[in-house]
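> What would the 3D arrangement of this be:
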Amino acid sequence: MVSLTHSTKSAKHKEIKRNWHLVDVKGKILGRVVPNAAKLLQGKHKVDYSQYLDCGDYVVVTNARYVTVSGKKSQFKLYTSYSGYPGGLKTLNFEQLLNKNPGKLIRHAVSGMLPKNKLRDRRLARLFIFADEKHPYKEKLKINI
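Predicted structure coming up:
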C-alpha cells in the first residue's frame, strides 16, 4: 500500500531563481509573440509555479520596431489615452505608435495578457523592451526564444 504522508511543497519567496530570456520580435506577429513573454514573466513555465507568488523571470524584448500585425490592424487598431481634462483624449493607430514609441506598444500588449492583480506591476518591471538589437543585458542572457 502506498503511503500518502508526503505532501507537495510550495515554493518560498527566498527560493525563487530568476533567469533571463531574450525574445526577438523582428518580423513576427505581435499576437503570437506576446503570450510567450507574458508566460515567462508569470513563471508558468517553471515546475514550482504558484499563483500567489511572483516567481517569473526577466524578459528582454529586442527589435520592437519591427513587430507586425496581420490584416489591416496596422491602420485601424487604435490606442487611446485620456489625460482627464476636457479635450485630453489622444488616439494613435498601430503604425503611428510603432513609429513614436514601439516599447509602449509591446508593454501595452503584455500588460493586457497578465492577470489584473497586485503582482502585475512587479512583473512588468522585469520586462525590458528595446527598439533595436542593442541592449545592456548580453552577459545575463542564457536562453533565446
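
> Please make it C-alpha for all contacts and neighbour counts, starting now.
OK.

> The residue nearest to G88 when sequence neighbours are not counted bridge partners, please.
Nearest residue to G88 in three dimensions, chain neighbours excluded: Y82, at 5.5 Å (C-alpha to C-alpha, 6 or more residues apart in numbering). In this entry, Y82 is beta-bridged to L89, by DSSP bridges.

> Show the contacting residues for Y82.
By C-alpha atoms under 8 Å, 6 or more residues apart in numbering, the contact list for Y82 reads 88-90.

> Distance check, T91 against K100.
Here T91 is placed at a distance of 13 Å from K100 (C-alpha to C-alpha, to the nearest Å).

> all strands of this protein, in order?
Per DSSP state E, the chain carries strands over the ranges 20-24, 58-62, 78-82, 89-93, 127-129, 143-144.

> what's the weakest-modelled helix or strand in the chain?
Least confident helix or strand of the chain, by mean pLDDT, DSSP states H and E, is strand 143-144 with a mean of 52.

> which outside residues touch stretch 23-33?
Outside of stretch 23-33, the residues that reach it under the criterion C-alpha under 8 Å, 6+ apart are 37, 59-70, 106, 144-145.

> how about it: buried residues?
23-26, 30, 33 (16 or more other C-alpha atoms under 10 Å).

> same thing with stretch 50-66?
So, applying 16+ other C-alpha under 10 Å, buried residues of stretch 50-66: 50, 54-66.

> what are the C-alpha coordinates of that stretch, in CSV please?
The C-alpha trace of stretch 50-66 is given here as CSV (Å, rounded to 0.1, in the frame of the first residue of the first chain):
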residue,chain,number,x,y,z
SER,A,50,2.3,29.2,-7.8
GLN,A,51,-0.3,31.9,-8.5
TYR,A,52,0.2,33.9,-5.3
LEU,A,53,3.9,34.3,-5.7
ASP,A,54,5.9,36.3,-8.2
CYS,A,55,8.2,33.6,-9.4
GLY,A,56,8.6,34.8,-13.0
ASP,A,57,11.8,35.6,-15.0
TYR,A,58,13.3,38.6,-16.6
VAL,A,59,12.4,39.1,-20.3
VAL,A,60,14.3,41.3,-22.7
VAL,A,61,12.5,42.1,-26.0
THR,A,62,14.6,43.3,-28.9
ASN,A,63,13.8,44.7,-32.3
ALA,A,64,10.4,46.1,-31.1
ARG,A,65,10.4,48.5,-34.0
TYR,A,66,10.0,45.6,-36.5
